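Peer 1: Next input, structure requested:
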Amino acid sequence: MKTEKIIRTNPLFQRYPALEGRIPWIALGRFPVSVHKLEKLGKHVGASNLWIKREDSSGELYGGNKIRKLEFTLAEARSRNKEFILTFGGSGSNHVLATTIYAKSLGMKTVAILVPQPPTFHVSRNLRAYAHYGTQVLYLEDSLKLPKLLAQYPKRNLPKTYILPPGGSNVTGTLGFVNCAFEIYDQAQKGIMPMPKYIWLAAGTGGTVAGLLLGAKLCGLDAKIMAVRVTQSNMVNEQIVAMMVNKTSKFLTSIDPSVPEVSIEPYEVEMLKGFLGPGYGHVTPEAKEAIELVEDLEGIDAEGTYTAKAIAAMIRNVPYDPDAPMLYLHTYNSVNIFDDIPDDVDLSVLPEPLQKIAAGEV
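Peer 2: I've put the predicted structure just below:
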């Protein structure tokens with residue numbers, strides 16, 4: 001699979017030209033992504049100025065919020081002559097799927113260590129996609145067995161392997177959403193949408209939130225980043241996000257001293273709790289209602305792990321400031337890759353515990 005060469009500017013390099021050529025980057029997505037007003041949903045929930053940014057349409061091969069991160073992380077891997085991307089996620093991880101698809105387009109293979117999550121239709125569909133696109137899946141039912149599992153990774157491949165954290169949330173990946181903040185500010189400055197007072201999004205591993213916070217500080221975007229926690233607190237919390245902001249800022253300033261250094265404290269991170277439910281991947285009643293609402297009113301697909309929980313949190317908080325300009329980042333993928341996956345895709349390439357889930361038998 002080959003991507004068509006995309007000629008596009010990078011907002012970070014436009015603002016700080018000295019960074020270009022010193023930070024690896026490759027254009028994979030279609031940016032800027034569009035924004036539009038959610039008229040029907042806004043009217044239904046009492047929000048007079050509710051907008052959406054369509055991160056779901058960010059790529060031709062696959063969409064969602066991971067593409068911005070992969071433009072930096074896969075470029076870094078390629079610049080280091082890596083052949084394998086070793087990454088991590090839940091058994092239905094969109095991050096793993098996006099990484100597989102775009103790494104394959106650049107001639108790299110993805111190895112994913114997956115952990116259990118509730119066996120929903122979404123999980124089954126993504127597992128079938130892993131089998132189709134060639135993800136090498138290792139399954140970790142017990143986190144204490146991770147060292148043993150990693151020990152099985154071929155030593156000959158280690159020097160050729162780029163390790164990508166869950167969600168693509170490292171310093172390099174965070175730069176993708178510094179770009180997103182610049183893009184939001186630019187779209188508001190051009191009058192495409194109002195300058196948002198609140199930006200709503202799901203927080204899984206923190207890189208998207210950290211990038212927006214840092215980018216907002218750098219470009220003067222005066223918006224509250226409303227991060228809705230959808231993973232356990234050991235995966236994402238205020239301390240993790242603040243640390244990621246500060247590390248990414250130091251990285252940029254070390255390359256180009258003209259980039260102002262930003263330092264934030266954990267209390268400056270707005271992290272909304274109470275929407276996770278029993279755990280990662282569990283679809284809460286509020287999330288289910290949000291899925292139905294955005295589908296019926298706006299024709300937009302959401303899912304119960306990330307996006308619907310962010311929408312549910314936003315809806316619950318609308319009454320506190322109903323007339324404020326609000327922007328919701330829709331971080332799901334809307335590119336239909338699943339019709340291309342044959343019914344008889346070989347599921348035997350998956351670990352045995354995942355084969356029944358992929359076949360829809362669980």
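
Peer 1: Which other helices and strands does the helix or strand of the chain with the lowest mean pLDDT contact?
Peer 2: Sorting the helices and strands of the chain by mean pLDDT, DSSP states H and E puts helix 146-151 at the bottom, at a mean of 86. Helix 146-151 sits against strand 109-115, with contacts defined as 3 or more CB pairs under 8 Å, 6 or more residues apart in numbering; DSSP states H and E. For every residue, glycine as well, the C-beta is placed using N, CA and C.

Peer 1: so what does the strand it packs on touch, helix or strand wise?
Peer 2: Looks like strand 109-115 contacts strand 84-90, helix 94-105, strand 136-139, helix 146-151 (3+ CB pairs under 8 Å, 6+ apart).

Peer 1: That one: partners in the sheet, and parallel or antiparallel?
Peer 2: strand 84-90 (parallel), strand 136-139 (parallel) (DSSP bridges).

Peer 1: Would you pull up how far it lies from the middle of the chain?
Peer 2: Strand 109-115 has its C-alpha centroid displaced from the chain centroid by 16 Å (CA atoms, centre = their mean, to the nearest Å).

Peer 1: which other residues reach the helix or strand just after the least confident helix or strand of the chain?
Peer 2: For helix 146-151, the following helix or strand on the C-terminal side (DSSP states H and E) is strand 161-163. Strand 161-163 has contacts (CB atoms under 8 Å, 6 or more residues apart in numbering) with 73, 76-77, 80, 82-87, 108, 111, 153.

Peer 1: rerun that using 6 Å as the cut-off
Peer 2: By CB atoms under 6 Å, 6 or more residues apart in numbering, the residues outside strand 161-163 that reach it are 77, 82, 84, 85, 86.

Peer 1: Columns pLDDT and distance to residue 324 on top of those, output as JSON lines?
Peer 2: Formatted as JSON lines, these follow (pLDDT from 0 to 100; distance: CB to CB, whole Å):
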{"residue": "77", "pLDDT": "98", "distance to residue 324": "40"}
{"residue": "82", "pLDDT": "98", "distance to residue 324": "44"}
{"residue": "84", "pLDDT": "98", "distance to residue 324": "46"}
{"residue": "85", "pLDDT": "98", "distance to residue 324": "40"}
{"residue": "86", "pLDDT": "98", "distance to residue 324": "42"}
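
Peer 1: thinking again about what came up before, nearest to residue 256, of the strands paired with strand 109-115?
Peer 2: Closest to residue 256 of the strands paired with strand 109-115, according to CB to CB: strand 84-90, at 27.3 Å.

Peer 1: in that closest one, what counts as buried?
Peer 2: Neighbour-count burial for strand 84-90 flags 84, 85, 86, 87, 88, 89, 90 (criterion: 16 or more other CB atoms under 10 Å).

Peer 1: and those residues as JSON lines, adding distance to residue 157?
Peer 2: Below are these laid out as JSON lines (distance: CB to CB, whole Å):
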{"residue": "84", "distance to residue 157": "6"}
{"residue": "85", "distance to residue 157": "11"}
{"residue": "86", "distance to residue 157": "9"}
{"residue": "87", "distance to residue 157": "14"}
{"residue": "88", "distance to residue 157": "16"}
{"residue": "89", "distance to residue 157": "19"}
{"residue": "90", "distance to residue 157": "24"}
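
Peer 1: all strands of the stretch 251-362 of the chain, in order?
Peer 2: 270-272, 326-329 (DSSP state E, counting those that start in this stretch).

Peer 1: per-residue confidence at residue 142?
Peer 2: Looking at residue 142, its pLDDT stands at 86.

Peer 1: what's the distance between it and residue 149?
Peer 2: Applying CB to CB, to the nearest Å, the value for residue 142 to residue 149 is 10 Å.

Peer 1: Kindly report the same for residue 236.
Peer 2: 23 Å.

Peer 1: Could you list the low-pLDDT ranges of the stretch 151-300 of the chain?
Peer 2: Low-confidence segments of the stretch 151-300 of the chain, defined by pLDDT under 70, are absent.

Peer 1: can you give me the helices in it?
Peer 2: 171-189, 207-219, 238-255, 285-298 (DSSP state H, counting those that start in this stretch).

Peer 1: pull the CA atoms of the second one into PDB?
Peer 2: This file holds the C-alpha atoms of helix 207-219, laid out as PDB (Å, rounded to 0.1, in the frame of the first residue of the first chain):
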ATOM      1  CA  GLY A 207      -0.700  13.200  24.200                       C
ATOM      2  CA  THR A 208      -3.600  14.900  22.400                       C
ATOM      3  CA  VAL A 209      -4.400  17.000  25.400                       C
ATOM      4  CA  ALA A 210      -0.800  17.900  26.100                       C
ATOM      5  CA  GLY A 211      -0.300  19.000  22.500                       C
ATOM      6  CA  LEU A 212      -3.400  21.200  22.500                       C
ATOM      7  CA  LEU A 213      -2.300  22.800  25.800                       C
ATOM      8  CA  LEU A 214       1.200  23.500  24.600                       C
ATOM      9  CA  GLY A 215       0.000  24.800  21.200                       C
ATOM     10  CA  ALA A 216      -2.600  27.000  22.800                       C
ATOM     11  CA  LYS A 217       0.100  28.600  25.000                       C
ATOM     12  CA  LEU A 218       2.400  29.100  22.100                       C
ATOM     13  CA  CYS A 219      -0.200  30.700  19.700                       C
END
